[in-house]
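Engineer: Model the structure of this input:
(one chain, ligands or ions: 1)
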Amino acid sequence: MARRGRLVVANWKMHPGALQEARRLFSSIARRIRRVRGVQVVVCPPALYLSELVRSYRGANIRFGAQDVSWHAGIGAYTGELSAMMLKRIGAGHVIVGHSERRAMGESDKTVSTKVKAALDAGLAPILCVGEEERDHEGGYLSQLEWQLTASLDGVPRTQASRLVVAYEPVWAIGKRAQSAVTPRLLHETVIFVKKILSKKYGRVVGMKVPILYGGSVEGTNAGALSREGAVDGFLVGHASLSVRDFVSIVKAC
Ligand code: 13P
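Structural biologist: This is a model prediction of the structure:
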């Protein structure tokens with residue numbers, strides 16, 4: 001079967017500390033992946049840098065995304081919030097929703113599903129993050145995953161599911177070194193499981209088309225094996241996306 005185009009998303013989290021550094025990082029990545037084909041790269045910088053990067057690098061081979069979005073649509077009296085519509089108008093095409101670091105700050109599945117809907121309604125592609133905290137031997141993590149995925153997509157209709165991206169990010173694998181990432185075999189199994197849940201919810205045709213990314217200690221050294229044997233459509237990259245060399249080798253491995 002022909003492989004679909006890959007998607008590699010950089011989640012810069014709360015880095016770097018200054019716009020100048022963000023510009024340097026972005027332009028170095030853009031320069032080095034200029035000739036790469038068949039991989040869509042999306043950079044999600046801190047929202048504060050978004051408009052400046054979009055303005056300066058609009059023609060680059062890289063798209064933009066945000067790391068979070070308000071569940072309130074449009075505009076309104078919501079101090080500190082950024083709406084999906086604002087992000088879309090500023091130039092974002094994707095938005096990360098329900099990252100475990102935000103869930104740890106108290107974001108519930110209900111809030112996550114409302115954010116997914118707000119993003120879809122505004123024309124953004126939500127990258128919905130799900131993942132178990134621990135991997136037990138009895139398979140309890142699979143029930144946790146199924147529950148989280150189903151609840152995070154509550155009320156999201158099939159007609160909009162074609163713009164959805166799911167990122168499988170097991171919490172135990174985030175922020176470590178490559179040796180701590182999931183193994184390609186376990187990743188493959190989990191991707192099949194996620195596709196089964198999506199197919200149950202949206203039907204096979206739509207469910208099987210939702211791109212599944214993996215995130216959690218993806219580095220230049222393990223990206224090739226995870227990409228080849230893990231059956232994923234790409235990666236959501238944290239710390240390695242702040243290193244030009246590492247990030248570019250992940251993109252090339254795809
Ligand atoms: P690391 O790549 O640093 O493990 O982070 C993964 C992640 O949280 C991406 O969203």
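Engineer: The ligand contacts on this structure?
Structural biologist: 11, 99, 169, 174-175, 215-218, 236-240 (C-beta under 6 Å from any ligand atom). Backbone N, C-alpha and C define where each C-beta goes, glycine included.
Engineer: out of those, who's nearest the ligand?
Structural biologist: Taking C-beta to the nearest ligand atom as the measure, the ligand lies nearest residue 238 of the residues of the chain next to the ligand, at 2.2 Å.
Engineer: Could you give me the buried positions within whichever helix in the chain runs longest?
Structural biologist: If you go by DSSP state H, the chain has its longest helix at helix 184-202. Neighbour counts using 16 or more other C-beta atoms under 10 Å place 184, 187-188, 190-191, 193-195, 197-199, 201-202 of helix 184-202 among the buried residues.
Engineer: before we move on, what about stretch 129-147?
Structural biologist: So for stretch 129-147, counting by 16+ other C-beta under 10 Å, buried means 129-132, 135, 141-142, 144-146.
Engineer: Need the residues that contact that stretch.
Structural biologist: When contacts are defined by C-beta atoms under 8 Å, 6 or more residues apart in numbering, stretch 129-147 is touched by residues 96-100, 148-149, 152, 166-173, 186, 190, 193-194, 197, 215-216, 236.
Engineer: Just the buried residues of those residues.
Structural biologist: Neighbour-count burial (16+ other C-beta under 10 Å) applied to the contacts of stretch 129-147 gives 96-100, 148-149, 152, 166-173, 190, 193-194, 197, 215-216, 236.
Engineer: Cross those residues against strands and list the overlap.
Structural biologist: Counting by DSSP state E, the part of these found in strands is 96-97, 166-168, 236.
Engineer: Identify, from these, the entry nearest to the ligand.
Structural biologist: residue 236 (4.6 Å).
Engineer: so who does the closest one touch?
Structural biologist: Applying C-beta under 8 Å, 6+ apart to residue 236 gives the contacts 9, 11, 96, 127, 129, 167, 169, 213-215, 218.
Engineer: Can you add pLDDT and distance to residue 22 and give those back as a markdown table?
Structural biologist: Compiled in a markdown table, these are given as follows (pLDDT from 0 to 100; distance: C-beta to C-beta, whole Å):
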| residue | pLDDT | distance to residue 22 |
| --- | --- | --- |
| 9 | 98 | 16 |
| 11 | 98 | 14 |
| 96 | 99 | 17 |
| 127 | 98 | 20 |
| 129 | 98 | 22 |
| 167 | 98 | 22 |
| 169 | 98 | 23 |
| 213 | 98 | 22 |
| 214 | 98 | 25 |
| 215 | 98 | 21 |
| 218 | 97 | 21 |
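Engineer: For stretch 216-232, give me every contacting residue.
Structural biologist: 6, 131, 168-170, 172-182, 184-185, 187-188, 191-192, 212-214, 234-238, 240, 245-246, 249-250, 253-254.
Engineer: how does it look with 6 Å?
Structural biologist: 169-170, 173-174, 176, 178, 180-181, 184, 187-188, 191, 212, 214, 235, 237, 240, 246, 249-250, 253-254 (C-beta atoms under 6 Å, 6 or more residues apart in numbering).
Engineer: For that stretch, list every residue counted as buried.
Structural biologist: 216-223, 225-227, 230-232.
Engineer: how about the residues you listed in TSV, adding secondary structure?
Structural biologist: Output for those, formatted as TSV (DSSP: H, G, I helix; E, B strand; the rest coil):
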residue	secondary structure
216	coil
217	coil
218	coil
219	coil
220	coil
221	coil
222	coil
223	helix
225	helix
226	helix
227	helix
230	coil
231	coil
232	coil
